[in-house]
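Asks: fold the following for me, if possible:
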Amino acid sequence: MTQKIFIKTYGCQMNEYDSSRMADVMAPHGFVRADTPEEADLVILNTCHIREKASDKVYSELGRLRSLKTARAGEGRQMIVAVAGCVAQAEGEEMLRQAPVIDIVVGPQVYHRLPEMVARARARNRIVDTEFPAVDKFDALPESRQVEGPCAFLTIQEGCDKFCTFCVVPYTRGAEYSRPVRQIEAEARNLVLRGVREITLLGQNVNAYHGDDGNGGECGLGPLVDVLSRIEGLERIRYTTSHPRDMDDALIEAHRVNDKLMPFLHLPVQSGSDRILDAMNRGHTRQMYVDLVARIRAARPDIALSSDFIVGYPGETDEDFAQTMDLIRTVGFAQSFSFKYSPRPGTPASAERKQVPEETKARRLEILQAELTAQMRRFMESCVGRRFDILLEKPGRYPGQMIGRSPYLQSVNVVAPHARIGDFVTVDIVAALPNSLKGELAGRSGSRQVGRN
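Replies: Below you'll find the model as predicted:
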């Protein structure tokens, strides 16, 4: 009997990958995706614990599901509600106590067990499973079925051993684990057979990847990119999120020689102050970051950088913040993500006594975001007049219009009435819009050039 599953995803790209794989796990048991929770027999909230008030958002959604579940029961039909992801991992049993609507709490390392959990929940059992058997999960996952469009995520590494003082990931995702090369290659080939032409490799510290190479040794991210680039039909490779400490020579060389590796790198720095970087336990200095960027740009001059910034970390002074602003102006970023520091329960920084006042954090964030926005606009405008190959991902707003991604991950609008989703078209960029680029067909398609011009 066909049943329906609705998954709401919060947070990072790895959660998006996990959500698609949970749907894959349930598909052999008769579950197909639903567009709304009202249609669903199984609702999963796949949660993120990185941002402030993450738990509050989940509990608010659970309140809405409670009335829906009650109405469903009045009709003699059962709805199973599961909470997955990092909030589930962090709060476990407490979630069951606070929200009776929940039937299943499942951590990010054990969602391959969902079918048996659902079967137990059907029998009115409530389940919490937040163990850390990372190898078992990837060995047990079926082939990817839920492929939508020509771009896909592929998790190659999970967990974190860095223990930055502001971050909960080591506690919710566990120690660093890298999947074997052959397993990753097999999943990538399966995705390509299903129409995928661009793959983004995911990991909490993706460039710390060190998987079994199948010959008794280890493979780093640079060599893995080389292996995957040989897959016929796979045209583009990206990866995220990187740590400056793990950007090795082999990966930098891959950026220099491999045309399938896109010229866009997300390399979080968090702060430009050595004092704050040390307090954060980042393991690198400001100058180390600047020197690393110089090496990367020497290898791939057309590369564009993205980064993460935290303002108002405990003890951050005006001088510390000024050093962050100076780093931003020194390096230059095409895109960035910036946040006010918010204490994550259980992390060392949350116990610091020198918390920065909220009004100070808000003022600093406004200044920082104004500079980052100006840099993004300058980069977008610098693309006008350039010729890019665009991978078309979806229809646009108007007849004949399509939307695709540039090598730099920007949305590009182009009128291409005879093109299909998954095609590459070569376009000349004619305008920079507030959040996208406008392109015009250059009269040829399918080119393998991706920005070295």
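
Asks: please tell me how far Arg77 sits from Arg122.
Replies: Distance of Arg77 to Arg122, given as C-beta to C-beta, to the nearest Å: 12 Å. Any C-beta I mention is one placed from the backbone N, CA and C, and that applies to glycine too.

Asks: more neighbours: those two, which one.
Replies: Arg122 (13 against 10; other C-beta atoms under 10 Å).

Asks: so Arg329: helix, strand or coil?
Replies: helix (DSSP: H, G, I helix; E, B strand; the rest coil).

Asks: that one: neighbour count?
Replies: Arg329, neighbours per other C-beta under 10 Å, totals 11.

Asks: how close does the closest residue to it other than its chain neighbours sit to Ser342?
Replies: Distances taken as C-beta to C-beta, 6 or more residues apart in numbering put Glu371 closest to Arg329, at 7.1 Å, once the chain neighbours are dropped. Using C-beta to C-beta, Glu371 is found at 22 Å from Ser342.

Asks: correct me if wrong: Phe163 contacts Asn281.
Replies: Yes - Phe163 lies in contact with Asn281 (C-beta atoms under 8 Å); the separation is 6.0 Å.

Asks: check the offset of the helix or strand containing Ile184 from the chain's centre.
Replies: In the assignment (DSSP states H and E), Ile184 maps to helix 181-193. Distance of helix 181-193 from the chain centroid (C-alpha atoms, centre = their mean, to the nearest Å) equals 19 Å.

Asks: same check, this time on stretch 215-233
Replies: Counting by C-alpha atoms, centre = their mean, stretch 215-233 comes out at 21 Å from the chain centroid.

Asks: again with stretch 350-367
Replies: 26 Å.

Asks: residues in contact with that stretch?
Replies: Residues from elsewhere that reach stretch 350-367 (C-beta atoms under 8 Å, 6 or more residues apart in numbering): 311-316, 321, 325, 338-341, 343-344.

Asks: only whichever of those residues are buried, select them in ChimeraX.
Replies: Per 16 or more other C-beta atoms under 10 Å, the buried members of these correspond to this ChimeraX selection:
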select :311,312,313,314,315,316,321,325,338,339,340,341,344
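
Asks: now the two most distant members of the contacts of stretch 350-367.
Replies: Met325 and Arg344 (24.9 Å; C-beta to C-beta).

Asks: before we move on, the earlier item: secondary structure class of the residue nearest to Arg329, three-state.
Replies: Applying three-state DSSP: Glu371 is helix.

Asks: report the separation between it and Gly272.
Replies: Glu371 is 12 Å from Gly272, by C-beta to C-beta.

Asks: so which of the contacts of stretch 350-367 sit within strands?
Replies: Among the contacts of stretch 350-367, the members found in strands (DSSP state E) are 311, 338-340.

Asks: which one of these is nearest Glu143?
Replies: Nearest member of those to Glu143, counting by C-beta to C-beta, is Phe339, at 36.6 Å.

Asks: quick one, what contacts the closest residue to the closest one other than its chain neighbours?
Replies: Take Phe339 and drop its neighbours on the chain: the residue closest to it by C-beta to C-beta, 6+ apart is Ile310, 5.8 Å away. Contacts for Ile310 (C-beta under 8 Å, 6+ apart) come out as 166, 270-271, 280, 338-341.

Asks: quick revisit: hey, what's in contact with both of Glu371 and Gly272?
Replies: Joint contacts of Glu371 and Gly272 (C-beta under 8 Å, 6+ apart) are 325, 328.

Asks: so for these two, which sits in the more crowded spot?
Replies: Gly272 (23 against 16).

Asks: hang on, the more buried one packs against Gln287?
Replies: No - the pair Gly272 / Gln287 is not scored as a contact, 10.4 Å apart, by C-beta under 8 Å.

Asks: common neighbours of the two, please.
Replies: Counting by C-beta under 8 Å, 6+ apart, nothing touches both Gly272 and Gln287.

Asks: checking the nearest residue to Pro348 once chain neighbours are set aside next. Helix, strand or coil?
Replies: Nearest residue to Pro348, sequence neighbours excluded (C-beta to C-beta, 6+ apart): Thr165, at 4.2 Å. Put simply, Thr165 is coil when judged by three-state DSSP.

Asks: give me the neighbour count for Val196.
Replies: Val196 has 25 nearby residues by other C-beta under 10 Å.

Asks: circling back to that earlier point, any chance of JSON lines for the ones in strands among the contacts of stretch 350-367, columns pLDDT and distance to Ser178?
Replies: Shown next, in JSON lines, are the ones in strands among the contacts of stretch 350-367 (pLDDT from 0 to 100; distance: C-beta to C-beta, whole Å):
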{"residue": "Val311", "pLDDT": "98", "distance to Ser178": "32"}
{"residue": "Ser338", "pLDDT": "95", "distance to Ser178": "29"}
{"residue": "Phe339", "pLDDT": "93", "distance to Ser178": "28"}
{"residue": "Lys340", "pLDDT": "95", "distance to Ser178": "33"}
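
Asks: closest to Ala40 among those residues?
Replies: Phe339 (32.2 Å).

Asks: wait, that closest one touches Gly312, no?
Replies: No - applying C-beta under 8 Å, one finds Phe339 not in contact with Gly312, separated by 9.0 Å.

Asks: residues contacting Val225?
Replies: The neighbours of Val225, taking C-beta under 8 Å, 6+ apart as the test, are 201, 237, 239, 251, 254, 258, 260-261.

Asks: over to Ser178?
Replies: Contacts of Ser178 (C-beta under 8 Å, 6+ apart): 156-157, 203, 208-212.

Asks: pretty sure Asn15 sits against His49.
Replies: No - Asn15 lies out of contact with His49 (C-beta under 8 Å); the separation is 10.4 Å.

Asks: joint contacts of these two?
Replies: Gly85.

Asks: quick one, which of these two is more surrounded?
Replies: A direct count of neighbours by other C-beta under 10 Å for Asn15 and His49 places His49 higher, at 25 against 22.

Asks: and the closest residue in space to Lys340 that isn't next to it in sequence, what's its pLDDT?
Replies: Spatial nearest neighbour of Lys340, excluding adjacent residues (C-beta to C-beta, 6+ apart): Lys361 at 4.2 Å. pLDDT, Lys361: 97.

Asks: and Lys361, what element?
Replies: helix 358-382.

Asks: just the buried residues of that helix, please?
Replies: Residues 360-361, 364-365, 368-369, 371-372, 375-376, 379-380 are the ones in helix 358-382 that count as buried (16+ other C-beta under 10 Å).

Asks: flag the shaky bits of this protein, pLDDT-wise.
Replies: Within the chain, the segments meeting pLDDT under 70 span 50-54, 133-136, 145-146, 443-453.

Asks: show me where it has its helices.
Replies: 13-26, 54-74, 85-98, 114-122, 134-140, 169-172, 181-193, 221-229, 249-257, 274-279, 286-299, 318-331, 358-382 (DSSP state H).
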